[in-house]
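Visitor: sequence first, then the predicted structure:
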Amino acid sequence: MKKLFTILIALFGLSACIKNDIPFPYLFGEILSISMEGQSDQSSISTEHQTVEIKVPYGTDKTQLSIVDFEITEGAKCTPDIKDMTDFSLPVHLTITTYQEYDWTITVIEDDFEINLHHFEIEGQLSARIDKDLQRIQVIIPDTLAIEDLSITTFDYSPNDIIVSPNPFEIHDFSSPVSFFFDDIEWIIEVEYDDEEIEKSGDQILYSNFQSWYYGGRNAGETPNNRKFYIPGEDFDTTPWRTGDVGAADLVVATGVRTVYPYPDKETYEYTTLKTTSTLGVVAAGSLFVGDIKGSGLRDVKTDFGIPFTDNPKRFTSTIQYLPEVYNNELDMCDIYVLLQVREGSGDNEKRYRLATAWYRSDKNMETFETIDIPFLYGNHSDLASYMLPAEDNEMMPEHGFASAQASPTHIIVVYSSSFDGANLKGGVGSELRVKEFELKY
């Protein structure tokens, strides 16, 4: 009996020492295939990262989707059951269970959108051609429109839930191509004048190509050089052009100041030079204008700007180069402007009203000649800067407000100045404005 008891204890002790070391077999829980109704491309399955990406068309409602095919490792179980799911607006997390558990993530991604511009129109345009491949729109306008002041009337695109920047209906200047962005997608609008349109004609200012020059005084027989000056034209009485040098030549002691002259000379003309100088302690800007000078001297001279004119130009062009000097601790600025006026009455009862304004003021230092193209703004236009506005108390150029934008002009004023503050005998001495020609565009 004792021997049997000993054997039982030995067997019990032996059984206590045996462990269950047999491992479960390793079986990877894998998504083998998956497809969704309406998906736009083949599902991307990564076994390395245990992820799935499914693409659907842009704009798809990701809360209302359905799985049409789902295959996993044979014998495995998926938790939760993906076939019961419809909302994939956020990544969905699954567990594939074999002998082990494997966590998977399914993400539904919308395709990148494409912007389709269906219809585009600028008020007054002749045509608009939409190029979907280049993502450009080419618009042709007549030359009766000011390219810096256009208005978009139609901008129809899809998908229309994408915000476009800038706001198309707030853009008016199309003198250079304008880019519109839909997130990171760019469309470019190019506006050009119609090359095939018959060029409309209108009056030009006499001698405005500056190829002819008169050198002399008010009187043709003037002999002292210090009473002579240069002005565009063939003689003093027939040219509409004047310069400040005319007044300086009439001083009791004539200065013979030269602020305007043809370069290198009137026989081999290349361009007109207007230069701000200092004479007898007085700063004199180089000024070229149409009109007349009454009185004489540097300070007492009175200028009557403007000549009769009855056409309606749309813009003016001029080829210039500006080399500013320092004035009031900043670069000087040139002034080039053309004004259309409506004048009523005569003598002391005459009143002058502003019809249209085309103005260029800049301190840009130009390394080479550039052609400026400046539109006429008719009436009291919102783009007029404060210094462009008419003023009755302007001693040099008094005006009694604006004329109706539909009125017909009676006079035109054209002014070039190498220093914008030259009328007040101020400016950066040495500032130089070079001019090749002036032309009105119709």
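Guide: On my side now, so go ahead.
Visitor: isn't residue 212 right up against residue 231?
Guide: No. Taking contact to mean C-beta atoms under 8 Å, the distance of 9.9 Å between residue 212 and residue 231 leaves them out of contact. Glycine gets a C-beta too; all of them are placed from N, C-alpha and C.
Visitor: and those two? which has more neighbours close in?
Guide: For residue 212 versus residue 231, the count of surrounding residues by other C-beta atoms under 10 Å is larger for residue 231: 24 against 16.
Visitor: residue 120 contacts residue 154, doesn't it?
Guide: Yes. Here residue 120 lies in contact with residue 154, judged by C-beta under 8 Å, at a distance of 6.1 Å.
Visitor: so between these two, which is more surrounded?
Guide: The residue with more neighbours, out of residue 120 and residue 154 and counting by other C-beta under 10 Å, is residue 120; that gives 20 against 13.
Visitor: give the contact list for that one.
Guide: With C-beta atoms under 8 Å, 6 or more residues apart in numbering as the criterion, the residues that contact residue 120 are 128, 130, 137, 139, 152, 154, 155, 156, 189.
Visitor: mind doing that once more with 7 Å?
Guide: Neighbour list for residue 120: 128, 130, 137, 154, 155 [criterion: C-beta atoms under 7 Å, 6 or more residues apart in numbering].
Visitor: ditto for residue 423
Guide: Going by C-beta under 7 Å, 6+ apart, residue 423 touches residue 396.
Visitor: can you tell me how far it sits from residue 326?
Guide: Remark: distance between residue 423 and residue 326 (C-beta to C-beta, to the nearest Å) = 19 Å.
Visitor: same question, residue 348
Guide: Between residue 348 and residue 326 the distance is 42 Å, computed by C-beta to C-beta.
Visitor: counting neighbours, go ahead and name the busier of these two.
Guide: Neighbours per residue, other C-beta under 10 Å: of residue 348 and residue 326, the larger number sits with residue 326, 12 against 5.
Visitor: show the pLDDT at the more buried one.
Guide: According to the prediction, residue 326 has pLDDT 95.
Visitor: surely it touches residue 429?
Guide: No. With contact defined as C-beta atoms under 7 Å, residue 326 does not reach residue 429; the gap is 9.2 Å.
Visitor: anything in contact with each of these two?
Guide: Counting by C-beta under 7 Å, 6+ apart, residue 326 and residue 429 have no common neighbour.
Visitor: what residues does stretch 306-317 touch?
Guide: With contacts defined as C-beta under 7 Å, 6+ apart, stretch 306-317 is touched by 143-144, 146, 202-203, 240, 290-291, 338, 341, 358, 371-376, 408-413, 438-442.
Visitor: which positions within it qualify as buried?
Guide: Of the residues in stretch 306-317, those with enough neighbours to count as buried (16 or more other C-beta atoms under 10 Å) are 306, 307, 309, 312, 313, 314, 315, 316.
Visitor: adding distance to residue 56, write the residues you listed out as CSV.
Guide: Formatted as CSV, these follow (distance: C-beta to C-beta, whole Å):
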residue, distance to residue 56
306, 69
307, 71
309, 66
312, 58
313, 58
314, 52
315, 52
316, 57
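Visitor: how about the strands in the stretch 201-350 of the chain?
Guide: Taking DSSP state E, counting those that start in this stretch, the strands of the stretch 201-350 of the chain run over residues 213-216, 229-232, 241-243, 260-263, 271-275, 277-279, 282-284, 287-294, 302-305, 307-308, 315-323, 326-327, 330-331, 334-344.
Visitor: residues touching residue 148, list them.
Guide: With contacts taken as C-beta under 7 Å, 6+ apart, residue 148 has the following neighbours: 173, 175, 375.
Visitor: buried subset of those as a PyMOL selection?
Guide: A single PyMOL command is used to select the members of these judged buried by 16+ other C-beta under 10 Å:
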select buried, resi 375
